[in-house]
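>>> Sequence below, structure please.
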Amino acid sequence: MKRIVKKTSTIVTVIALVILVRLFVSEVCVVSTESMEPAIRPTEILVLDKLSYGCYMPRRWADIPLINVFTWVPFLRQRDSRRDWGFHRGWGLRKPKEGDVAVFYSPEKPDMLLVKRIERIIEPGTELALDSMRDVVEKMAVQEHVSIVKRLNKTYIGGKPTNRYTTKTTFYDMRGDNTGNSYDSRQFGPIPEQAIAGRMGFVLWSWDDRTTGWNKVRWNRLFRPVR
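Residues are numbered from 1 along each chain as shown. Sure, this is the predicted structure:
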């Protein structure tokens, strides 16, 4: 009986450690596109650093690793989808900086993670002119749940006539290094701070499908920090 209790305790401890590491420290991910070449090659396995910026706290049970298997049951998944604990970020080592390679949730597909470089940081309280960048501003307003309506040659933001929009939160202009083959903020606009999942850490594994044998592995890229 003691042996069973000891094994059960060990299993529970391991599961708890896995959950804590996945939530607060790091996560392994695979990049499948060429948008960040040469910094990141397609099919590389990388480590996502969640500690630097502070971890993205779960908003529902489905966001918690391993525990989310229970949400695979249809009626539990349906109930959990209506749950929202709100946005909260854990303590981090530093704020995101321009030039960082960051991972974030897609504004168009919230369950999909994207990786791009921070081109520009738009701080809260920044005034943006509608005339020169209306499409961008409208996308940012949607993220902040602010209405922009054009009526009788006048633009109303939050019900008030104005031609300037003032940001409420921090936004990041995200761009791919491979500009000719990247779907980024040029299409979907800047992303809000709450979409940032973490900073891309280092290359865990890299291989080249065009070669065979020993040369298939890109040995010079293993454990290389992403910069």
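>>> Pull the number of nearby residues for Gln78.
When neighbours are defined as other CB atoms under 10 Å, Gln78 has 10 of them. All C-beta atoms are positioned from the backbone trio N, CA, C, and that covers glycine.
>>> what's the helix or strand that contains Val142 packed up against?
For Val142, the host element (DSSP states H and E) is helix 130-143. With contacts taken as 3 or more CB pairs under 8 Å, 6 or more residues apart in numbering; DSSP states H and E, helix 130-143 sits against strand 127-129, strand 148-151, strand 164-166, strand 191-192.
>>> give me that answer again for 7 Å
strand 164-166 (3 or more CB pairs under 7 Å, 6 or more residues apart in numbering; DSSP states H and E).
>>> How is the protein divided into domains?
2-55+90-115+177-221, 125-168 (automatic domain parsing).
>>> May I see these arranged in CSV, with mean pLDDT, distance to Val73 and mean neighbour count as well?
CSV is the format used below for the domains of the chain (pLDDT from 0 to 100; distance: least, CB to CB, whole Å; neighbours: other CB atoms under 10 Å):
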stretch, mean pLDDT, distance to Val73, mean neighbour count
domain 2-55+90-115+177-221, 90, 18, 15
domain 125-168, 86, 32, 14
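>>> Turn the ones you listed into a markdown table, including distance to Leu66.
Shown next, in a markdown table, are these (distance: least, CB to CB, whole Å):
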| stretch | distance to Leu66 |
| --- | --- |
| domain 2-55+90-115+177-221 | 6 |
| domain 125-168 | 30 |
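>>> bridging residues for Ile45?
Beta-bridge pairing of Ile45 under DSSP bridges involves Val30, Trp205.
>>> Could you look up the SS state of Ala39?
What DSSP: H, G, I helix; E, B strand; the rest coil gives for Ala39 is coil.
>>> The chain should start at 401 in everything you say after this.
In the new count, where the first residue is 401, that last one comes out as Ala439.
>>> can you pull the contacts of it?
501, 577, 626-627 (CB atoms under 7 Å, 6 or more residues apart in numbering).
>>> do that again at 6 Å, thanks
577, 626 (CB atoms under 6 Å, 6 or more residues apart in numbering).
>>> same deal with Asp484?
Contacts of Asp484 (CB under 6 Å, 6+ apart): Arg459.
>>> And the pLDDT at it?
The score at Asp484 is 90. That number is its pLDDT.
>>> before we move on, which element is it in?
Judged by DSSP H and E, Asp484 forms part of no helix or strand.
>>> distance of it from Arg621?
In this view, Asp484 and Arg621 are 39 Å apart by CB to CB, to the nearest Å.
>>> Assign a three-state SS to Phe487, would you?
coil.
>>> Burial check on it, number of neighbours?
Using other CB under 10 Å, Phe487 has 13 other residues around it.
>>> give the contact list for the spatially closest residue to Lys450 that is not a sequence neighbour.
What sits nearest to Lys450 in space, not counting adjacent residues and going by CB to CB, 6 or more residues apart in numbering, is Gly598, at 4.2 Å. Contacts here follow CB under 6 Å, 6+ apart; on that basis Gly598 touches 448-450, 453, 503.
>>> Please identify which of the residues you listed is nearest to Ile419.
Using CB to CB, Lys450 comes nearest to Ile419 of the contacts of Gly598, at 12.7 Å.
>>> in the protein, which spans are helices?
In the chain, the helices defined using DSSP state H lie at 402-424, 474-481, 530-543, 585-588.
>>> Having no further points to raise, I will conclude here.
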